[in-house]
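Chemist: take a look and give me a structure for this.
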Amino acid sequence: MKIGASTLAGIEDSLENTLEFIENLGIEYAELVHQYPCENIDTELLESFNLKYSVHSPFMDVNIAALQDKSRLNSLKQIKDSIDLANRIDAEAVVVHPGLASFLAKKYYLDKVYDFSNESIKELGEYGKDLGVLTTIENMPTFDAMIYHNIEDLHELLTSLDMSMTLDIGHAMHAGYSPDAMYFDSIKHIHIHDNFGDDDSHLALGEGSIDLNHIVNTLESKNYDGIYIIEVNDYDSIKKSYEYIKNNF
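Modeler: Take a look at the predicted model:
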């Protein structure tokens, strides 16, 4: 198994300290959350660690499904910057959120929101392919403004575009998917964390009710060869999650 951890756990600390913590645990990969407070990442800093990387493109203040052209185009530019970063550091994958539907957009123009999201996803996929970067789209939890919590719909779109999915296991649980329903051929990257199904709480592995063993064993039986990124809230949860993986898989 390829195991990584998201720098989200160190959002209130420096990137250097977070990467040092991940490396010192013996984890091989780090997923760089490429947004404030880490909009500008020093590649020389990254090279000072014995880590391999993936990149999570911005999702705060970003919406590739925005109805307003200037908002959407600026969001696309920010995510292309993440793809450029991934190209420079030879990252394994870039993770992209599919966009949001604000209150009025959801009420009156939801079909158009999905149209813009699909167009943006296609554009980002082509941009990534031109640079040799695996650009993946992540399934969302069922919060009001979020789209593509229906994984079947996301899989169908990505298959039609010859693109790949980041399966977020916690998001899938929040959206009501059973462990048996969480495998799709388009999955090339994984976010793994735990919850009780009622919130996207990003708990340490084993601290919620998700049948992680069943899900991971299914993925492994299907020859999944991507990274499992531990995406939790703090350093202690990374450590607990890594121990859970070593003890269970």
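Chemist: going forward, measure contacts between C-alpha atoms and count neighbours the same way
Modeler: Will do.
Chemist: hmm, residue 125 is touching residue 165, no?
Modeler: No. The pair residue 125 / residue 165 is not scored as a contact, 11.2 Å apart, by C-alpha atoms under 8 Å.
Chemist: got any residues that touch both of the two?
Modeler: Common contacts of residue 125 and residue 165 (C-alpha atoms under 8 Å, 6 or more residues apart in numbering): residue 136.
Chemist: not counting stretch 38-55 itself, show me its contacts.
Modeler: Residues from elsewhere that reach stretch 38-55, judged by C-alpha under 8 Å, 6+ apart: 15-16, 19-20, 23, 27-34, 82-83, 86, 89-95.
Chemist: ramachandran angles for the nearest residue to residue 63 once chain neighbours are set aside?
Modeler: Leaving aside its chain neighbours, residue 63 sits nearest to residue 99 (4.7 Å; criterion: C-alpha to C-alpha, 6 or more residues apart in numbering). Dihedral pair for residue 99: phi 110, psi 180, per degrees, to the nearest 10.
Chemist: after the helix or strand harbouring residue 104, next one along is what?
Modeler: Using DSSP states H and E, residue 104 sits within helix 103-108. Counting by DSSP H and E, the next helix or strand C-terminal to helix 103-108 is helix 110-131.
Chemist: counting by contacts, list what that following helix packs against.
Modeler: Of the remaining helices and strands, those touching helix 110-131 by 3 or more C-alpha pairs under 8 Å, 6 or more residues apart in numbering; DSSP states H and E are helix 69-89, strand 135-138.
Chemist: who touches that helix?
Modeler: 64-67, 76, 79-80, 83-84, 87, 98-101, 105-106, 134-137, 147, 157, 161, 163.
Chemist: name the helix or strand of this protein that has the lowest mean pLDDT.
Modeler: helix 103-108 (a mean of 93; mean pLDDT, DSSP states H and E).
Chemist: if we go by neighbour counts, what in it is buried?
Modeler: By 16 or more other C-alpha atoms under 10 Å, the buried positions in helix 103-108 come out as 105-106.
Chemist: circling back to that earlier point, how about the helices and strands packed on helix 110-131 in CSV, adding distance to residue 223 and mean neighbour count?
Modeler: Listed next are the helices and strands packed on helix 110-131 as CSV, based on distance: least, C-alpha to C-alpha, whole Å; neighbours: other C-alpha atoms under 10 Å:
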stretch, distance to residue 223, mean neighbour count
helix 69-89, 25, 19
strand 135-138, 18, 26
